[in-house]
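K.L.:
missing the sequence, but the structure's below:
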């Protein structure tokens, strides 16, 4: 498939949002009664553009981009860790600050990347199947429905993998539900923008893929 500039642009926004969300996640943000990681402000954008990729270009292309995002994260984390452990000159006194902001706890990194893969693929598959079953109608229902599943999978896996055993069960569920509600609310509020981008892309690209015959195996990158 010859990829258009618009496809590349959507991909760049998707991957950039993913990397940015992981980079700013170390800051805690107070939003009313909620205290959440700063990444929650950016991360839902990946689901919005993940929906756009699947809705316009289909699951096959979305699958490639999900894996691209995963490997981009892996490269980013590796780069941060390597630089963190390189020797610094005596006059440079910001090592502690660097480690506090860009340092990574292996458990958190592993939880985040596993949750990302599971959540994004769940989101893409649900949206793809709903589109076929609903004959392309009710886009708002499909984007929100797929987000409910994808963000749920992502948030639950990350919560238990990253913080299981560190908090009491009721505290852990409060953390998970707070993050989940904020992410889903973000998607609902952004629905008009998602509609506008999808319509503009379909009109400009003259493409609207229906995954009537597709292998949903996330590891099958040969299926084209």
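P.N.:
Cool, got the structure. Small disclaimer: the values here were computed from a predicted structure and weren't measured.

K.L.:
contacts and neighbour counts: CA atoms only from here.
P.N.:
OK.

K.L.:
And residue 105, what's its pLDDT?
P.N.:
Residue 105 carries a pLDDT value of 66.

K.L.:
try residue 217
P.N.:
pLDDT, the model's per-residue confidence, is 93 for residue 217.

K.L.:
that's a strand at it, yeah?
P.N.:
No - per DSSP: H, G, I helix; E, B strand; the rest coil, residue 217 lies outside any strand segment and is coil.

K.L.:
What are the contacting residues of the least confident helix or strand in the chain by mean pLDDT?
P.N.:
Least confident helix or strand, the chain: strand 34-37 with a mean of 72, by mean pLDDT, DSSP states H and E. With Cα atoms under 8 Å, 6 or more residues apart in numbering as the test, strand 34-37 has contacts from 24-30, 178-179.

K.L.:
do that again at 10 Å, thanks
P.N.:
Around strand 34-37, the neighbours that count as contacts under Cα atoms under 10 Å, 6 or more residues apart in numbering are 21-22, 24-30, 174-176, 178-179, 182.

K.L.:
Contacts only, for residue 209.
P.N.:
With contact taken as Cα under 10 Å, 6+ apart, residue 209 is in contact with 54-60, 128, 131-132, 136, 202.

K.L.:
repeat that for 8 Å
P.N.:
Residues in contact with residue 209, defined by Cα under 8 Å, 6+ apart, are 55-58.

K.L.:
Now do the SS call for it.
P.N.:
Applying three-state DSSP to residue 209 yields a three-state assignment of coil.

K.L.:
quick one: low-confidence ranges for this protein?
P.N.:
Scanning the chain for pLDDT under 70 picks out the ranges 1-2, 105, 224.

K.L.:
center of it - which residue?
P.N.:
Nearest to the mean C-alpha position of the chain, counting by Cα atoms, centre = their mean, stands residue 46 at 4.2 Å.

K.L.:
Show me what secondary structure element comes after the helix or strand harbouring residue 151.
P.N.:
In this structure, residue 151 is located in helix 139-163 according to DSSP states H and E. Remark: after helix 139-163, the chain's next helix or strand is helix 169-189, criterion DSSP H and E.

K.L.:
buried set for that following helix?
P.N.:
By neighbour count with 16 or more other Cα atoms under 10 Å, helix 169-189 contains the buried residues 172, 175-180, 182-184, 186-188.

K.L.:
Other residues contacting stretch 216-224?
P.N.:
Stretch 216-224 has contacts (Cα under 8 Å, 6+ apart) with 59-60, 63-64, 121, 125, 214-215.
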